[in-house]
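*Asks:* Coordinates for the following, if possible.
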Amino acid sequence: MTLAILFLILLALTFDFLNGFHDSANSIATVVSTRVLSPRLAVIWAAFFNFIAFLFFGLHVANTIGKGIIDIAIIDKGIIFGALVGACGWNIITWFFGLPTSSSHALIGGMIGSALVKAGPKSLVWQGISKTVTFIIVSPILGLVLGLGCGIIVYWIFRKSTPFKVDHLFRKGQLVSAAFYSLGHGGNDAQKTMGIIASLLFSAGLLGGKFYIPFWVVLMCHGAIALGTMFGGWRIVKTMGQKVAKLKPIDGFCAETGAAITLFISSAFGIPVSTTHTITGAIMGIGSLKRLSAVRWGVAGTIVWAWILTIPCSALISALAYFLATR
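*Replies:* Modelled structure (predicted):
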């Protein structure tokens, strides 16, 4: 294994760390904003379930990223470098502005940008890209519907209970829902870095003639995303936890449950969805259950614009990085 490949693996794990750092808000914003856990305990709780997610999920998403976005035959060190620089660059920019954008789509945009510079549109796997782009719309809507549906069911079941009893019960319930969401987050997002590292190893001939995900790659990627989650992107926590909608423990439970179900389904089908889009949609859903004005639609609109720009902006950064690196 050459120094160049080791450097790119380290860069990929840096992206994975940034993914956890950037997306920790998704896992902990509701449980922190409802004061069920302190920020320190919340990130430890989320990081633990991020790490053990490999015990519960297959590697379908990793295989999609590894060979389902761009033609694996054109992948080389330059492609991987450009993709990771594009994804990391966009993550840092959006973290600075407190925008909960998708690390997954930043990575996919990065892969597209460098592939276009190297080999043009024929290098893109349109089936995988179209499935991913479709779920930019589907995942937040599904999260919204499931969050809203969970809220309707739970509010109806506990309609005769006292506010004190409901609050006490769902403070405990949120620990469970946050754990399930963190499992879904680790199970979907860590696999994207696995796919990148495995495609790099495959292109260098280090996996033999068959593409697969080595177990040491699985462990390193889950460890990196869990470590990033522990450091926490606090700018985004504030946006997710309070700026989109005010949440109570029962609301946080419903939002996390709806989002977790969405992530479990998408991971089972190998679809690299955005955990950010999913939880944001679920928060909007439970917020709109009270009244539509409970959701700050102006903030939501800013977030959606950031979602739309993620793939093209990360692709642009990646294309520039690949161009400069290969000149």
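*Asks:* in this structure, which spans are helices?
*Replies:* Secondary structure of the chain (DSSP state H): helices located at 3-33, 39-51, 60-67, 77-96, 103-119, 126-157, 163-203, 215-231, 234-238, 249-268, 275-290, 297-325.
*Asks:* Output those as TSV; include the columns distance to residue 209, mean pLDDT and mean neighbour count.
*Replies:* No exception for glycine: its C-beta is placed from N, CA and C like everyone else's. Putting those into TSV (distance: least, Cβ to Cβ, whole Å; pLDDT from 0 to 100; neighbours: other Cβ atoms under 10 Å) gives the following:
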stretch	distance to residue 209	mean pLDDT	mean neighbour count
helix 3-33	18	83	24
helix 39-51	32	85	21
helix 60-67	14	85	23
helix 77-96	20	89	24
helix 103-119	22	90	27
helix 126-157	22	87	18
helix 163-203	9	89	23
helix 215-231	18	92	21
helix 234-238	42	52	19
helix 249-268	27	89	26
helix 275-290	34	79	28
helix 297-325	27	82	19
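*Asks:* center of this structure, which residue is that?
*Replies:* Residue closest to the mean C-alpha point of the chain, counted by Cα atoms, centre = their mean, is residue 275 at 3.8 Å.
*Asks:* which ones are touching that one?
*Replies:* Counting by Cβ atoms under 8 Å, 6 or more residues apart in numbering, residue 275 touches 23, 26, 102, 104, 184, 185, 188, 189, 259, 263.
*Asks:* Specify which member of those is nearest to residue 136.
*Replies:* Residue 136 lies nearest to residue 102 out of these, by Cβ to Cβ, at 7.9 Å.
*Asks:* The closest one touches residue 309, doesn't it?
*Replies:* No. With contacts defined as Cβ atoms under 8 Å, residue 102 does not count as touching residue 309, sitting 10.8 Å away.
*Asks:* and the gap between the spatially closest residue to residue 88 that is not a sequence neighbour and residue 134?
*Replies:* Closest residue to residue 88 apart from its sequence neighbours, by Cβ to Cβ, 6 or more residues apart in numbering: residue 15 at 5.2 Å. Between residue 15 and residue 134 the computed distance is 24 Å (Cβ to Cβ, to the nearest Å).
*Asks:* re the thing from before, separation between the residue nearest to residue 88 and residue 81?
*Replies:* The gap separating residue 15 from residue 81 is 11 Å, by Cβ to Cβ.
*Asks:* and what of residue 17?
*Replies:* Taking Cβ to Cβ as the measure, residue 17 falls 17 Å from residue 81.
*Asks:* Residue 226 now?
*Replies:* Distance, residue 226 to residue 81, using Cβ to Cβ: 25 Å.
*Asks:* Please apply the same query to residue 138.
*Replies:* Distance from residue 138 to residue 81, by Cβ to Cβ: 31 Å.
*Asks:* Please apply the same query to residue 261.
*Replies:* Using Cβ to Cβ, residue 261 is found at 36 Å from residue 81.
*Asks:* Thanks a lot, catch you later.
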